[in-house]
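> pasted the sequence and its predicted model underneath.
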Protein chains: 2
Amino acid sequence: MNDLITQLTLIPLIASVVGLAAAAFFYFRVKSLPEGTDTMNLIARYIREGSMAFLVREYQVLFVYAIVVFGLLFLAFNSYGTGLLAGLCFLFGAFLSLFSGFIGMKAATYANVRTSQAAREGSKPNALLTALDGGAVMGLSVAATALLGLGSLYYFYVDSPNLSTVLHAFAVGASSIALFARIGGGIYTKAADVGSDIAGKVVEGIPEDDPRNPGGIADNVGDNVGDVAGMGADIYESLVAAIVAAMAIALTAKPAYVAGLFSAVPAGIDPVFLAVTLPLFLAGLGMAVSIVCIFIARTLRENSPAAVLRAALVVPSFIIFGVSFLVMPMLGATQAVTYAIGAGAIGGALIGLITEWYTAWAPIERVANANTTGAGTGIIAGLAVGMESTVVSLLIVAGVGFLANLAMPEGMGLYGIAMGAVGMLAGTAIVMTVDAYGPISDNAGGISEMSGLGPEVRAITDELDAVGNTTAAIGKGFAIGSATLTVLSLFSAFILEVNHVREAAGLDAMVLKLDEAPILIGILLGACLPYAVGASTMQAVGKAAQAIIDEIIRQFNEIPGLREGNAEPEGTVIVDIATKAALSQMVLPGTVAILAPVTVGFVMGPAALAGMLAGAVAVGASLSLFMANAGGAWDNAKKFIEGGGIDGHPKGSDTHKAAVVGDTVGDPFKDTSGPGVAILIKVMSVVSLLVAPLIATLH
Amino acid sequence: MNDLITQLTLIPLIASVVGLAAAAFFYFRVKSLPEGTDTMNLIARYIREGSMAFLVREYQVLFVYAIVVFGLLFLAFNSYGTGLLAGLCFLFGAFLSLFSGFIGMKAATYANVRTSQAAREGSKPNALLTALDGGAVMGLSVAATALLGLGSLYYFYVDSPNLSTVLHAFAVGASSIALFARIGGGIYTKAADVGSDIAGKVVEGIPEDDPRNPGGIADNVGDNVGDVAGMGADIYESLVAAIVAAMAIALTAKPAYVAGLFSAVPAGIDPVFLAVTLPLFLAGLGMAVSIVCIFIARTLRENSPAAVLRAALVVPSFIIFGVSFLVMPMLGATQAVTYAIGAGAIGGALIGLITEWYTAWAPIERVANANTTGAGTGIIAGLAVGMESTVVSLLIVAGVGFLANLAMPEGMGLYGIAMGAVGMLAGTAIVMTVDAYGPISDNAGGISEMSGLGPEVRAITDELDAVGNTTAAIGKGFAIGSATLTVLSLFSAFILEVNHVREAAGLDAMVLKLDEAPILIGILLGACLPYAVGASTMQAVGKAAQAIIDEIIRQFNEIPGLREGNAEPEGTVIVDIATKAALSQMVLPGTVAILAPVTVGFVMGPAALAGMLAGAVAVGASLSLFMANAGGAWDNAKKFIEGGGIDGHPKGSDTHKAAVVGDTVGDPFKDTSGPGVAILIKVMSVVSLLVAPLIATLH
């Protein structure tokens, strides 16, 4: 391997080590903070134990899954002599996902009660800092493990003919864990949320976080397993998939085209390998920028939390663009690559801000006002807002793709789109930090309420929580926008890989003509899958919530003194119900997502599979944006009314009750099905990329 | 022109004349029936006048639109020497749509009160017959005018080089009227429905059809302008587009491939023209089968209305398959064509029955039961059912495409898919008859209620109305299933046409490689459009309903004695509000739908436009199925509860109120946005096909 490539490859590894060190620093800093009263501690322990119990049981299910897939990969790739290697790389990708999820969630369950304690001590800046530090553990470990895994594999296999298999198998490991973690966590969190909301408020007239509500613990556990661990696995997968897609395109594109990316390639360097290294290098750069920005954000803690966190999400994109502008020429690359990166980075920020606009500003007032004539009109208004925001977000994604393609020299348009996706995700560490901040401050509010802390404490945690809702919306915009670009890149990488293999086998290239029947049928089949996952996850939440409601009613009926606050609710029973439901219901959609592309690929051939991916990405990207944003709009419309946004329609009024209906519908929409569909299309693409060599010569 | 072709071409024309004669027969038969009491008459006159006033004002808007498009077509095609011809054919297609809509809706507004009168006389069979005859006017004139237009153009231009332009321009005329009629009518009907429902039930505690409800007339007008005229224009367009797509594919496919469809071509016949004639011939055949089946259904009126109407929707498909089996060999065609037709015809029936299952049987019990814990869980359950049914329906469409493609000889797979679509729509006359039966019996119920007729009358109209809901679901399944297949065919026809033109110009064929950036970006742009139309139509209904609610509240506050039933409500004011709202709100989505493909085609070229169509069809087909079926599930879940389906949760209970919320959301979902999106993708494809020659050589 050439020295420059070695050096470039080491940068992501160094960045990853620095990231892990920073994560460790924040982990121990959070753990060293004071925990507050015994009651707070007890509740926090329940939440931590419930979260960890879920994770452990989820890992058991995933262990079986991983063994099965390991065996299948071994068999499938054995004739190529890479059976064991593919299997191990898959396990490596899966393991790092679980590892970062475990560390990050543990930190979050330490940070929640300490945030609450800082608020109890009256310091909003300290409370903000604690929640942010807790989130940083997740953010940094997610990005660092992605870099560690891909960076080390690349380092060792850069000259190997098996590089593609190694990278793709790693990505499949990352993707499939993300799929299960997202869907399982999403079902858990929303079943607990909807169940305890409905049972508490409607059936018994008790607020969600009331100490008497048996669903309170499960609800807070749900924030951790869904919005911390699930989200973390998702973002980890996004970063991995985006990098792998760009690397795969560079590896399979025509070398003459690749050379066009560079104005002056250093002596002895193969431009192809330089192009393959760039995405990984960019991610390392993004990591460095993120770490610096996290520390800067911490020093600004005396300012308005909303301003600090919004800046933390948006500003790094511009810095990454600027740094690329300086660094790319140093590597001999033309600024074309920088423009593609910039289009992605700034496009991501733009989607985030647009998402915030649609889920936090004028549009949600429209939704809130529509609730004055009942839940029906409120829901109609929210659906309309969700659809409108989908249009705008998709237009931005299309614009990023257009610009990234335009900036590129001939034949490298797809590489440009892939680099745009990496550019959008380069700031993953800080974006995920702010994302994980949200559920931590939400938990802090829950703990304050359940421990009976005073209204002045709750005022601080409420403000932090409200900011978390906004940042969650921005983060979701980033996530789905980057997922769409990543899937387009993976999709192109899949086609290039198929043709690469066909060429090596002396076959004609597969020409995917859009007007051929198998492709059209593939498109229809692909269009089905997001709805299949949407249906099964919505239903899973509905069913599990029902079971939780029944149990809460039972407890109020059978535990003497619970209603009056003289007896303890049996919160762990609810935790157990939610855990079982989530784990059993995540298997079907997860398996379908992984098996569908494999089956179509082997039975109908690579052309039909390409059609299927095209249908799935069109439907999946739009449906997930729609569900995420409609859900966000309903949620915030409810909060707007609760904050006294409509004169004469306070909390508890019919208008508010109508808005609660929207919020209930929005819960699984935005936090289970929407993200589930987004990850579905990524998993399908990654799996297709991995099996591409196996099906390339069929049909 | 060859004699056999002439004869074959005459058959659709003869079928169309017979169809028009039968329509006239039913029209005058309905008009000759007794009209009932003066009150009934007065209400019926309000409804008729309101409906006609809407249609006339809609036609004024459409007149301006038609003039503009005529001018644009003239300019665009002038350099080809076909400017005037294209413009006139466009006007012809548009005019026939308006004509059939006008006749059909007039008949429906005569049939409604006469159905009510037959029920008043105590005869359920006569009431059924009257509603069915009223519907037959619409059904027959829709199918007959489609055949008349296409048949006569084909007859006169069969040997002309301008045949394609003539047919495509006619289809654009049909499509764009359908788009506006569907969206305008859909906004009207659901704004009136939601508005009078909410204001009547929630605000004033008065049922929807109560004589005191000022929205009652507008609600009944809405059934006519939306579910009769709007639906009719939609189905007329579907039939036209499916036939044109199949003709276009036959015209542009390689002649050597086309010859493979025939085992023995009669001497002197060009197989291409035989293949071009087949879809038109098949539609004529379907017309004949439909007329026979309508008369058979009439003789069965003493049986259960549900059984008769379901059979009327499903059985003709099998007969068409059987007749094709006998006739195709007589024309020298192989049975391959028959199998494609059969796959379409039976697939359509299957989608209809599946749609009925999901919107009338076990799944709606699940939705109904979910309402016991509130509107939120009810809506979640309905969304899940809608998504699940989308998956099954799309799988059937994909299966039809797969089989139709499989049955065909080499190179003719797309023709097979197109013939499958024509096979699905061949029974249009009877399907639309049963579809139009629904709103007529709904109107009959409304008139009975508003005229204060007794419960025994209402019992008959209620039963007929309930059956109408089921048949509406089946009809909707047919409509969206056939739309999807039609769009796939139009899409293929577009690509073939582009390449045909390029070949003639000595250019290389456009190869639509799925892995090229412009196509991927086109797919994203295409994915936006269904959501754009969905958002604007949902919002339009929400806004217009709000205006109606405000006006109804005003009337109850300001008209002394209205609440007590001593004063008349000002129903025509509501009719006016709904009319204005619908007409002003239909313009934007309608214009976007037509301009988007033209703009992308000219600015980004035919490849990006093809990508856009692919994205739009994947997203549009699934989204419209989802909206239609979720809406149907909520509607019927509410009716299930009202029918005493859940013990202890009667009409008026909290569970019922929760179900009403779902119904309110479902109204615009299933009757405005869902059909609007379905027609959007058809219009986009038809417009693309027309402009294909203009953009084929760009980029």
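Structure's in. What do you need?

> okay, CA-based contacts and neighbour counts for the rest of this
Noted.

> any weak-confidence spans in chain A?
A:1-2, A:202-204, A:699 (pLDDT under 70).

> phi first, then psi, for the residue lying farthest from the centre of it.
Going by C-alpha atoms, centre = their mean, the residue of chain A most distant from its centre is A:Pro560, 42.7 Å out. Backbone torsions of A:Pro560, given as degrees, to the nearest 10, read phi -70, psi 140.

> how close does it sit to A:Ala567?
Computed as C-alpha to C-alpha, to the nearest Å, the A:Pro560 to A:Ala567 distance reads 7 Å.

> one more: A:Leu529?
Taking C-alpha to C-alpha, one finds A:Leu529 at 47 Å from A:Ala567.

> quick one, what contacts A:Gly590?
Taking C-alpha atoms under 8 Å, 6 or more residues apart in numbering or on different chains, we find A:Gly590 in contact with A:176, A:179-180, A:183.

> from chain B, how far out is it?
Taking C-alpha to the nearest C-alpha, to the nearest Å as the measure, A:Gly590 falls 16 Å from chain B.

> three-state assignment of that residue?
helix (DSSP: H, G, I helix; E, B strand; the rest coil).

> repeat that for A:Val511.
coil.

> flag every residue of the stretch 551-699 of chain A that's near chain B.
A:610, A:614-615, A:618-619, A:622, A:661-665 (C-alpha under 8 Å from any C-alpha of the partner chain).

> please convert the residues you listed to a markdown table, extending it with neighbour count and secondary structure.
Formatted as a markdown table, these follow (neighbours: other C-alpha atoms under 10 Å in any protein chain shown; DSSP: H, G, I helix; E, B strand; the rest coil):
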| residue | neighbour count | secondary structure |
| --- | --- | --- |
| A:Ala610 | 29 | helix |
| A:Ala614 | 34 | helix |
| A:Gly615 | 32 | helix |
| A:Ala618 | 32 | helix |
| A:Val619 | 35 | helix |
| A:Ser622 | 31 | helix |
| A:Val661 | 28 | helix |
| A:Gly662 | 35 | helix |
| A:Asp663 | 27 | helix |
| A:Thr664 | 25 | helix |
| A:Val665 | 26 | helix |
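
> ok, back up a step: so for A:Leu529 and A:Ala567, which sits in the more crowded spot?
Neighbour tally, A:Leu529 and A:Ala567, criterion other C-alpha atoms under 10 Å in any protein chain shown: the higher count belongs to A:Leu529, 29 against 12.

> quick one: the more buried one and A:Val617 touch, right?
No - A:Leu529 lies out of contact with A:Val617 (C-alpha atoms under 8 Å); the separation is 10.0 Å.

> picking up where we left off before, how about the contacts of A:Gly590 in JSON lines, adding neighbour count, secondary structure and distance to chain B?
Output for these, formatted as JSON lines (neighbours: other C-alpha atoms under 10 Å in any protein chain shown; DSSP: H, G, I helix; E, B strand; the rest coil; distance: C-alpha to the nearest C-alpha, whole Å):
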{"residue": "A:Ser176", "neighbour count": "33", "secondary structure": "helix", "distance to chain B": "22"}
{"residue": "A:Leu179", "neighbour count": "31", "secondary structure": "helix", "distance to chain B": "20"}
{"residue": "A:Phe180", "neighbour count": "30", "secondary structure": "helix", "distance to chain B": "20"}
{"residue": "A:Ile183", "neighbour count": "33", "secondary structure": "helix", "distance to chain B": "15"}
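
> contacts for stretch A:552-562, please.
With contacts defined as C-alpha under 8 Å, 6+ apart, stretch A:552-562 is touched by A:196, A:199-200, A:203, A:212-215, A:563, A:567-570, A:574.

> buried set for that stretch?
A:552, A:555-556, A:562 (16 or more other C-alpha atoms under 10 Å in any protein chain shown).

> closest point of the stretch 101-250 of chain A to chain B, which residue?
A:Ile198 (7.6 Å; C-alpha to the nearest C-alpha).

> surely that residue forms part of a strand?
No - going by three-state DSSP, the assignment for A:Ile198 is helix, not a strand.

> apart from its chain neighbours, what residue comes closest to it?
Spatially, and ignoring its direct neighbours in sequence, A:Ile198 is nearest to A:Ile549 (7.2 Å; C-alpha to C-alpha, 6 or more residues apart in numbering or on different chains).

> burial measure for the one you found, as a count.
Per other C-alpha under 10 Å, the neighbour tally for A:Ile549 reads 26.

> same check on A:Ala267?
8.

> what secondary structure does it sit in?
Using three-state DSSP, the structure places A:Ala267 in coil.

> what's the separation between it and chain B?
32 Å.

> next one: A:Ser688
Applying C-alpha to the nearest C-alpha, the value for A:Ser688 to chain B is 14 Å.

> just A:Leu403 next, same as before
Between A:Leu403 and chain B the computed distance is 10 Å (C-alpha to the nearest C-alpha).

> how about A:Lys682?
16 Å.

> that residue is in contact with A:Ile177, isn't it?
No - between A:Lys682 and A:Ile177 there is no contact under C-alpha under 8 Å: 12.0 Å.

> part of a strand, is A:Leu609?
No - counting by three-state DSSP, A:Leu609 is not part of a strand but helix.

> can you report how many residues neighbour it?
33.

> spatially nearest residue to it, not counting backbone neighbours?
Nearest non-adjacent residue to A:Leu609, counting by C-alpha to C-alpha, 6+ apart: A:Gly601, 5.2 Å away.

> mind listing what that neighbour touches?
A:608-609, A:688, A:695.

> follow-up on the earlier one: of the contacts of stretch A:552-562, which belong to strands?
Residues of the contacts of stretch A:552-562 located in strands (DSSP state E): none.

> many thanks, have a good one.
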